[in-house]
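Q: sequence first, predicted coordinates after that:
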Number of protein chains: 2
Amino acid sequence: MLRGHQTWVFDSKPIILSSAAVGGPFEAKGNLAEDFDILHEDLWLGQDSFEKAEKKLLEEACEKAIEKAGKKKEDIQFFISGDLMNQIISSSFTARTLGAPYLGIFGACSSSMEGLALGSLLIDSKAAKYVVAGACSHNAAAEKQFRYPTEYGSQKPPTAQWTVTGAGAVLLSRKGEGPRVTAATIGRIVDMGISDPFNMGEAMAPAAVDTIETHFRDLNIDPSYYDVIATGDLGAVGHRIAADLLIKHRMKIPSKIFTDCGIMIYKKEQPVMAGGSGCGCSATVTYGHFLNRMRKGELKRILIVATGALMSPMSYQQKESIPCIAHAVSIEM
Amino acid sequence: MLRGHQTWVFDSKPIILSSAAVGGPFEAKGNLAEDFDILHEDLWLGQDSFEKAEKKLLEEACEKAIEKAGKKKEDIQFFISGDLMNQIISSSFTARTLGAPYLGIFGACSSSMEGLALGSLLIDSKAAKYVVAGACSHNAAAEKQFRYPTEYGSQKPPTAQWTVTGAGAVLLSRKGEGPRVTAATIGRIVDMGISDPFNMGEAMAPAAVDTIETHFRDLNIDPSYYDVIATGDLGAVGHRIAADLLIKHRMKIPSKIFTDCGIMIYKKEQPVMAGGSGCGCSATVTYGHFLNRMRKGELKRILIVATGALMSPMSYQQKESIPCIAHAVSIEM
């Protein structure tokens, strides 16, 4: 099971029976609109707060994934989820809706792959037959909590990123058909002393590189093994830094297979500065776009490296730098 | 591995090689002072913020547990931890200090047993040789974040609880000597519509009862199997409600074995209203007091049922009720 220092190899190759992605109006205008199962015209999703709208995104993603697999809520043995809200209320309130035993996680934007890794471990170790793993974020809820309410119209530097309004979920199983989770590399904290919350990409890039290098060393394979290696939400600035660092470390990943969910999700003309971010970024792009391409036969092996900036507004105010992490999960058809 | 609906049985019985508990000045005056490895006279722990003091509690608990097992930081393959702070900064910054691959979790005050359950799963499934699981809370940091800064001197009703200033950690292993983790029941959300954040005990009691009943049903054993069944932090009000509910559900747990960490930790004359609470409550009482008694041969089998109120100040302001959860872990000598 444990290979090398930090990588789990799942011998039973847990199956992603189904997956779902739900997005907001801004995502509907993006590059990957066709890969969403549900797209909302209303940023509020008919709710009276952005926080409740975020919860609804996650509820819908989970319910859609369960429906697509032909299962019922009662079939789900464990629900694993995380988000950016204080005390991960979006995940916990969704757990109430689903009624399944619940493991709350927090890895900031890396929560998507932390959940997929843990969910796969539960399936592989026979601790569960069916697990739903999910993650979500909401642009306006995140702005309100981490920066300023969007109504203030505060300006941002070009290194800043746009939190994705979206949720993604997968239903994992021991049996059935679908893409399979083959390995997961759990990251450690990398903190290069950066404390600028408007430059998360730069802060997180070294963590992504650390986990990518560890993944290949632990498994003794090289990047050509994969059709796509995608970081979660480094954005244009962070992704370029990660690519440069990998070259410095003499790890060659061809640029045509090395991409980033935060760069892919929006169109160039959308005003998202360096690109998308948030728990919902890697969750929707992976569980929507990438898994759809795998099911169509366009991709056979992908590695998703979701990165997380594990700071809080409080730690920033107290002049702490940003501890970053990245978890990588390998999915094969 | 999976027994019944929600219970994991660990065939290899992961070993708690060592454990440590660290507390503050108020805990030093409590009932269980002798069971702490480190007690601080200074609520600030020499730091310039309560949040940094909370992190230091957890760092010390982890380092002490590693030292007591005769291990080094480099031996630890995974660190699993959660706390009450927004974005669990105490755990994430401790992960930076430890340098180990890190899985952040959030289950409010149930985080202690969520971490112990997941850590045991990692050991049992051979996903790790050594895991450190921890949890922490700090009275003044929690008051500041969830209620009012302590300097305001705001009054509280008798149902309110006192957040423990403390951290607990265990080092789990496949081999060695010590108390062993035999099973874990992962809870589901129980929400009875209570929304008063000054009466967490009442809100959490039904979740504790749900998990206790599930544990015994899944394992087909009865309460007499254990020498102690301790809830995490229901306090005097919540624990009485849980006891009443169990009687109503025709589950007899003798009162001499049914206790609560939040009732045990402080003396009667300490002004803690209904008792202790916080992630550090069940973590210090279990990883200090109970494990010490097991090592002395006074207890053979214990069941710790840590409860969590998965709300946030925001969800409360938005008139949501409190979704509660409880995770139970069985430890045997």
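A: That came through, no problem.

Q: setting the sequence-adjacent residues aside, check what's closest to the closest residue to chain B within the stretch 101-250 of chain A.
A: At 3.5 Å from chain B, A:S125 is the closest residue in the stretch 101-250 of chain A, using Cβ to the nearest Cβ. To be clear about C-beta, it is placed using only N, CA and C from the backbone, and glycine gets the same treatment. Of all residues not flanking A:S125 in the chain, B:S125 sits nearest, at 3.5 Å (Cβ to Cβ, 6 or more residues apart in numbering or on different chains).

Q: I'd say that neighbour and A:I123 touch.
A: No. Between B:S125 and A:I123 there is no contact under Cβ atoms under 8 Å: 10.6 Å.

Q: of the two, who's got more company?
A: Per other Cβ atoms under 10 Å in any protein chain shown, whichever of B:S125 and A:I123 has more neighbours is A:I123, with 25 against 22.

Q: can you map out the helices along chain A?
A: A:25-28, A:50-68, A:89-98, A:111-124, A:139-146, A:200-219, A:235-248, A:261-264, A:279-284, A:291-295, A:313-317 (DSSP state H).

Q: okay, these, which one's buried deepest?
A: helix A:279-284 (a mean of 38; mean count of other Cβ atoms under 10 Å in any protein chain shown).

Q: what's the average pLDDT for that one?
A: If you average the pLDDT over helix A:279-284, you get 98.

Q: contact partners of it?
A: A:21-23, A:27, A:32, A:35-36, A:57, A:61, A:82-84, A:108-109, A:111-113, A:134-138, A:163-169, A:230, A:232-233, A:261-262, A:265, A:304, A:306 (Cβ atoms under 8 Å, 6 or more residues apart in numbering or on different chains).

Q: near chain B, which residues of the stretch 151-300 of chain A show up?
A: A:186-189, A:191 (Cβ under 8 Å from any Cβ of the partner chain).

Q: pLDDT score for the closest residue to A:A208 other than its chain neighbours?
A: Excluding its sequence neighbours, the residue lying closest to A:A208 (Cβ to Cβ, 6+ apart) is A:A326, at 4.5 Å. Looking at A:A326, its pLDDT is 98.

Q: give me the beta-bridge partners of A:A326?
A: According to DSSP bridges, the residues that bridge with A:A326 are A:T307.

Q: ok, it - how many residues close by?
A: A:A326: 33 surrounding residues under other Cβ under 10 Å.

Q: and it, what does it touch?
A: Applying Cβ under 8 Å, 6+ apart, the residues near A:A326 are A:110, A:187, A:190, A:204, A:207-208, A:210-212, A:231-232, A:305-308.

Q: contacts made by stretch A:149-163 with the rest, please.
A: Outside stretch A:149-163, the residues that touch it by Cβ under 8 Å, 6+ apart are A:26, A:84, A:137-140, A:142-144, A:147-148, A:196, A:198-202, A:233, A:235, A:237, A:262, A:266, A:270-278, A:280-281.

Q: I'd like the average pLDDT over stretch A:171-182.
A: On average, stretch A:171-182 scores 97.

Q: now swap in stretch A:303-311 and tell me
A: Averaging pLDDT along stretch A:303-311 gives 97.

Q: same deal with stretch A:258-265?
A: 98.

Q: domain assignment for chain A?
A: A:8-173, A:180-332 (automatic domain parsing).

Q: first-to-last residue distance for the last one?
A: Start and end residues of domain A:180-332 are separated by 5 Å (Cα to Cα, to the nearest Å).

Q: quick one: contacts for the residue of the stretch 101-250 of chain A closest to chain B?
A: A:1, B:1, B:121, B:124-125, B:127.

Q: and of those residues, the nearest to A:Y225?
A: Of all the contacts of A:S125, A:Y225 sits closest to A:M1, with 19.6 Å by Cβ to Cβ.

Q: list the buried residues of stretch A:69-80.
A: A:69, A:71, A:76-80 (16 or more other Cβ atoms under 10 Å in any protein chain shown).

Q: got the contact list for that stretch?
A: Outside stretch A:69-80, the residues that reach it (Cβ under 8 Å, 6+ apart) are A:17-18, A:62-63, A:66, A:94-95, A:98-103, A:105, A:115, A:118-119, A:122, A:127-134, A:171, A:173, A:176, B:2, B:5-6, B:186.

Q: these two touch, right, A:I16 and A:G168?
A: No. Taking contacts as Cβ under 8 Å, A:I16 lies outside contact range of A:G168: 11.3 Å.

Q: which of those two has more neighbours?
A: A side-by-side neighbour count of A:I16 and A:G168, using other Cβ under 10 Å, places A:G168 first with 36 against 27.

Q: spatially nearest residue to that one, not counting backbone neighbours?
A: A:A283 (3.1 Å).

Q: and that neighbour, how close does it get to A:T182?
A: 19 Å (Cβ to Cβ, to the nearest Å).

Q: so, low pLDDT: which residues of chain A?
A: The model of chain A has no residue with pLDDT under 70.

Q: residues touching the nearest residue to A:E51 once chain neighbours are set aside, list them.
A: Closest residue to A:E51 apart from its sequence neighbours, by Cβ to Cβ, 6+ apart: A:A141 at 5.2 Å. By Cβ under 8 Å, 6+ apart, A:A141 lies in contact with A:50-51, A:53-54, A:84-85.

Q: let's see 7 Å
A: A:50-51, A:54, A:85 (Cβ atoms under 7 Å, 6 or more residues apart in numbering or on different chains).

Q: can you tell me the closest non-neighbouring residue to the most centrally placed residue in chain A?
A: Nearest residue to the geometric centre of chain A (Cα atoms, centre = their mean): A:S282, 3.2 Å. Spatial nearest neighbour of A:S282, chain neighbours left out: A:G232 (3.4 Å); criterion: Cβ to Cβ, 6+ apart.

Q: cool, A:F106 as well?
A: Nearest one to A:F106, counting by Cβ to Cβ, 6+ apart, is B:G104 at 4.3 Å.
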